[in-house]
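K.L.:
Pasting the sequence and the predicted coordinates here, then a few questions.
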Amino acid sequence: MKKTKDVIDTPIVSPYRGSEKTADMVRSQVIDRWGEAVGKRFNPYTDTMPFSCWLKFGFQVKKNEKALQSVTFIEKEDSETGETKTIRKTVNLFHKKQVEKITKQAI
């Protein structure tokens, strides 16, 4: 079990890798859903994460929330030819407005 101080001192940071193109793609979806003001404050490092990351930090996605779509590119080496291929993968993200702290009743 973690100590309270460890939980408080642990920053909530997403696995975002820093691509401005994907940040802009998600920012435009945030603006469409919650308006320009939320879009201007959007920080891809702390505001959106995949479902599994929110769980890791003790949050759950609210019922009936729809994911924001993003993409990432993964390099994979072919075991037979040794060639490296870049694969496009869709990532489902949830904004901090779509999650809530997990309570004992929810467990």
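P.N.:
Nice, thanks for sending it over.

K.L.:
How about His95, nearest residue that isn't a chain neighbour?
P.N.:
Spatial nearest neighbour of His95, chain neighbours left out: Thr48 (5.2 Å); criterion: C-beta to C-beta, 6 or more residues apart in numbering. Backbone N, C-alpha and C define where each C-beta goes, glycine included.

K.L.:
all helices for this protein, in order.
P.N.:
Remark: helices assigned in the chain by DSSP state H are 4-9, 20-34, 36-41, 51-56.

K.L.:
picking up where we left off before, the residue nearest to His95: what's it in contact with?
P.N.:
Ser14, Tyr16, Val26, Val30, Leu68, Ser70, Leu93, Phe94, His95, Lys96 (C-beta atoms under 8 Å, 6 or more residues apart in numbering).

K.L.:
Now with 10 Å, please.
P.N.:
By C-beta atoms under 10 Å, 6 or more residues apart in numbering, the contact set of Thr48 is 14, 16, 23, 26-27, 29-30, 42, 54, 67-68, 70, 91, 93-99.

K.L.:
Done for today, thanks.
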